[in-house]
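Trainee: build me a model:
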Amino acid sequence: MNIDKAIRKQKKSHKILLLSTGLIFFILPGYFILTGKFYTFYITYLIVLETLIFLAIIIRIDNSSLSFIYDGYKLKVNMGIKNGRLNIICDKIVLVHVENYMRRNADESEFRIILLSTSKFRSDRMVLVHREFLKRHAYVAHEYNKLKILRPEESFYYTIIKRGQLNKYSFLDTVYRSCVYAHFTEEAVEKIKFYRQNSENYTWKNGKIKI
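Mentor: Got it, this is the predicted structure:
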């Protein structure tokens, strides 16, 4: 599997889907007007259908949207259709973990990236670690407890990145190269290895990956 080709294919399929669904979205009202069947049942059916098409487009764009820039100090991340912004101070990231999960109405598993930091840096998406979060993510809780033993007075913040689909691989790789003080769990390292073994940005030389 070539990740870069898969990402390009993913983007192409998204464009095709958006164009086709967008075309249907505009054609249906026109067809309805041309037929002249202005009955309550047809009007209701059209409204429901148009709403479902619109929601499908929004959800698809929202799930696949992830862009980021590294400026040498922090990662500037944009996520979702609302363009939610996240500022990550790389030197403040202390833990990077990956969890696999099954997304609703999807046949393949997805993964989410969990980041723990000692700073929220003007980012509302960096949330203070709380009990419910630790209950939902047992392995992160285990690592968090070890961090608290070493730094009992330190406050820790977390953020979870679900959106982006295949783009999360390159994001995770960028985090690995940028957040040099962070501890990467085995699950996170495996995802990074998989990306580097299947990316055009890396080449193999003497059994080792070379940038």
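
Trainee: dump stretch 123-140 to PDB, keeping only the CA atoms.
Mentor: The C-alpha trace of stretch 123-140 is given here as PDB (Å, rounded to 0.1, in the frame of the first residue of the first chain):
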ATOM      1  CA  SER A 123      -6.100  26.700  22.400                       C
ATOM      2  CA  ASP A 124      -9.500  25.800  23.600                       C
ATOM      3  CA  ARG A 125      -9.000  22.300  22.100                       C
ATOM      4  CA  MET A 126      -6.400  21.600  24.700                       C
ATOM      5  CA  VAL A 127      -8.400  20.400  27.700                       C
ATOM      6  CA  LEU A 128      -7.300  19.800  31.200                       C
ATOM      7  CA  VAL A 129      -7.000  16.100  31.900                       C
ATOM      8  CA  HIS A 130     -10.000  14.900  34.000                       C
ATOM      9  CA  ARG A 131     -11.400  11.700  35.400                       C
ATOM     10  CA  GLU A 132     -13.800  10.900  32.600                       C
ATOM     11  CA  PHE A 133     -11.100  11.200  30.000                       C
ATOM     12  CA  LEU A 134      -8.900   8.800  32.000                       C
ATOM     13  CA  LYS A 135     -11.700   6.300  32.400                       C
ATOM     14  CA  ARG A 136     -12.300   6.300  28.600                       C
ATOM     15  CA  HIS A 137      -8.600   5.900  27.700                       C
ATOM     16  CA  ALA A 138      -7.100   3.300  30.100                       C
ATOM     17  CA  TYR A 139      -3.600   3.100  28.500                       C
ATOM     18  CA  VAL A 140      -3.300   6.900  28.500                       C
END
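
Trainee: chain center to it: distance?
Mentor: Its chain's average C-alpha position is 17 Å from that of stretch 123-140, according to C-alpha atoms, centre = their mean, to the nearest Å.

Trainee: for Leu115, list the residues it contacts.
Mentor: Ile88, Ile93, Leu95, Val96, Tyr158, Thr159, Ile160, Ile161, Val175 (C-beta atoms under 8 Å, 6 or more residues apart in numbering). (Each C-beta comes from the backbone N, C-alpha and C, glycine too.)

Trainee: would you map out the domains in the chain?
Mentor: 3-64, 66-202 (automatic domain parsing).

Trainee: re earlier: which members of the contacts of Leu115 occur in strands, if any?
Mentor: Ile88, Ile93, Leu95, Val96, Tyr158, Thr159, Ile160, Ile161 (DSSP state E).

Trainee: now the helices for this structure?
Mentor: 3-35, 40-64, 131-136, 138-150, 167-178, 186-197 (DSSP state H).

Trainee: distance to Met102, mean pLDDT and mean neighbour count added to those helices, as CSV?
Mentor: As requested, the helices of the chain are exported to CSV (distance: least, C-beta to C-beta, whole Å; pLDDT from 0 to 100; neighbours: other C-beta atoms under 10 Å):
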stretch, distance to Met102, mean pLDDT, mean neighbour count
helix 3-35, 19, 73, 13
helix 40-64, 14, 80, 13
helix 131-136, 15, 95, 11
helix 138-150, 18, 95, 13
helix 167-178, 16, 92, 19
helix 186-197, 16, 92, 16
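
Trainee: next one, pLDDT for the residue of the chain positioned farthest from its centre please.
Mentor: Distance to the chain centre peaks in the chain at Gly36, reaching 44.5 Å (criterion: C-alpha atoms, centre = their mean). With respect to pLDDT, Gly36 scores 73.
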